[in-house]
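Asker: I need the structure of the sequence given here:
(one chain, ligands or ions: 1)
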Amino acid sequence: MQGKVRRMTWPNAMKRDSLIMPLRLHRPWGEGGPPLPPRCPLPPERRRYFDTFAHLYGMALVAYAGLMMPLFLWLGHPWPVGIVLASLIVTLIARGLHLRGHMAWGAGLLWAVMVVLICEAIRLYGAGVGFEFYVGLALLVLHISALPRACKIVLSCLLIGVVGILLISVHRDMPPASLSPAMATGLLWINLAMMGMLFGGVLMGLEGVTERLERTYRREALHDMLTGALNRRAILSIAERWRRAQCPFALVLLDVDHFKRFNDLHGHATGDAALCHLVNCLQQGLREGDMLGRYGGEEFMLLLPGMTRGAAMTVAERIAALVREQPLALPDKSLGMTVSQGIAAEDEAATLGEMIELADRRLYAAKHAGRDRVMAWDAFETLSPLPDQRIAEGAEACAFSPPRRHDDSVIKA
Ligand SMILES: Nc1nc2c(ncn2[C@@H]2O[C@H](COP(=O)(O)OP(=O)(O)OP(=O)(O)O)[C@@H](O)[C@H]2O)c(=O)[nH]1
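Answerer: Below is the predicted model of the structure:
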């Protein structure tokens, strides 16, 4: 009996691609739609660090304004209220410094105001009412900060030493006379609860940040920075996975016509904008579940699940029309583009490498036949070489003037 071949169904196959983010639509010249967010002055690696630490600043601000200020007011001491107010301001300054890349200064300032608060509270209210718990929080701030390792060790020892001496001296010399035993117990519980909330909040926040960062890293590892399409490694690994799962699909290699000339005529930056614009056009012609990746420079790979060569041909033609009919709109002119495409189906080749080679050969045939066309059959051998004049015409037409129509007779020759 012949072994049963299990073919993966598409909805299941798609679920495994949940990290593949929807492509962002580019508006290279910023016109129309909601305004783009302002550029962040921090480089990405520092931005990530700031995101992690920003949660701590938020928690510190909430703790000062919402918890400590009312607590000290309740205890009837205006002096610590003044310190809390100063801490609020210093924390805001520290956050600003941090956001501008002065990470060690930001973390150091936050830590310093926390230490002043802890020491002053212990001095005023004595040991055993719970202010010493904040030492743990100050140590957490210190150890996740950007300060150098040696600095962290010295400051930790300093903090523990100062607080230890303070606790011993307070306990021995001046027991907190102003607090009744009931008030001291109440304060201890309030501080315990506050610390629990702060630590819980910080840890939950850090977990959320870590998860978010991980998604960002993985997304960046899979996507092309310029266009937002999948990168070469990601698109190839999806194709390989689909092949291993024996999912039928068609592969399209798509290349911008005369892109070198486009760059030479209009500049590299405009070339970049054209690539982003191209990805938007391609995206419009694809279904949900189709995959689009940047295979190299101005060459893209499309994976069309469940499609035969014939069906893929229709999609490729639609895409070619979309690209042709939507020129890149610049403030002073609009520039047309055309693309050539080669198609191969999964059942035509034994390996992914062979499939890509087939699509590449057909792409080359499409280029050779005059560009701005799709090739899905092995017409290459049957095509008579084009005269140089025709190729020159193609080059002229693709110099981003009004584009030419697609020639079916050549495609299906
Ligand atoms: N602006 C810009 N240009 C790129 C990028 N990647 C590759 N290119 C350019 O794309 C051009 C590709 O040129 P060729 O491979 O000669 O192909 P072509 O000019 O498109 O000609 P045909 O493919 O034969 O139609 C090169 O000039 C590259 O510098 C990019 O990210 N941005």
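
Asker: when you work out contacts or count neighbours from here on, use the C-alpha atoms and nothing else.
Answerer: OK.

Asker: how about the stretch 301-413 of the chain: which residue is closest to the ligand?
Answerer: In the stretch 301-413 of the chain, the residue that lies nearest the ligand is residue 367 (6.4 Å; C-alpha to the nearest ligand atom).

Asker: quick check: that residue is in a helix.
Answerer: Yes: using DSSP: H, G, I helix; E, B strand; the rest coil, the secondary structure at residue 367 is a helix.

Asker: hang on, isn't it packed against residue 340?
Answerer: Yes: with contacts counted by C-alpha atoms under 8 Å, residue 367 reaches residue 340, the gap being 6.2 Å.

Asker: these two: who's more crowded?
Answerer: residue 340 (27 against 24; other C-alpha atoms under 10 Å).

Asker: where do the strands sit along this structure?
Answerer: Secondary structure of the chain (DSSP state E): strands located at 249-256, 291-296, 299-305, 328-329, 334-335, 339-345, 374-375.

Asker: what ranges does the stretch 301-413 of the chain have for its helices?
Answerer: With DSSP state H, counting those that start in this stretch, the ranges of helices along the stretch 301-413 of the chain come out as 309-325, 352-368, 388-397, 408-411.

Asker: lowest-confidence stretch among those?
Answerer: Here the lowest mean pLDDT among the helices of the stretch 301-413 of the chain goes to helix 408-411, at a mean of 33.

Asker: which residues touch the one residue in the stretch 101-250 of the chain that gets nearest to the ligand?
Answerer: For the stretch 101-250 of the chain and the ligand, the shortest gap (C-alpha to the nearest ligand atom) falls at residue 226, measuring 7.2 Å. Shown in contact with residue 226 (C-alpha atoms under 8 Å, 6 or more residues apart in numbering): 272, 276.

Asker: state the distance from it to residue 201.
Answerer: Using C-alpha to C-alpha, to the nearest Å, one gets 36 Å for the distance from residue 226 to residue 201.

Asker: same deal with residue 314?
Answerer: Counting by C-alpha to C-alpha, the gap from residue 314 to residue 201 is 54 Å.

Asker: the two: which is more packed in?
Answerer: More neighbours surround residue 201 than the other of residue 314 and residue 201, with 15 against 12 (other C-alpha under 10 Å).

Asker: what is the neighbour count of the nearest residue to the more buried one once chain neighbours are set aside?
Answerer: Ranked by C-alpha to C-alpha, 6 or more residues apart in numbering and with sequence neighbours excluded, the top spatial neighbour of residue 201 is residue 59, at 7.4 Å. Residue 59 is flanked by 16 other residues according to other C-alpha under 10 Å.

Asker: likewise residue 258?
Answerer: By other C-alpha under 10 Å, 21 other residues sit near residue 258.

Asker: begin at 47, not 1, for the rest of this chat.
Answerer: With 47 as the first residue, the last one maps to residue 304.

Asker: just the pLDDT at it, thanks.
Answerer: pLDDT, residue 304: 96.

Asker: how about the one 10 residues further on?
Answerer: Here the pLDDT value assigned to residue 314 is 95.

Asker: picking up where we left off before, show me what contacts the residue nearest to residue 247?
Answerer: Contacts for residue 105 (C-alpha under 8 Å, 6+ apart) come out as 244, 247-248.

Asker: check residue 355 too.
Answerer: 296, 389-391, 422.

Asker: I'd like these as TSV, with neighbour count appended.
Answerer: Compiled in TSV, the contacts of residue 355 are given as follows (neighbours: other C-alpha atoms under 10 Å):
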residue	neighbour count
296	27
389	31
390	31
391	25
422	25
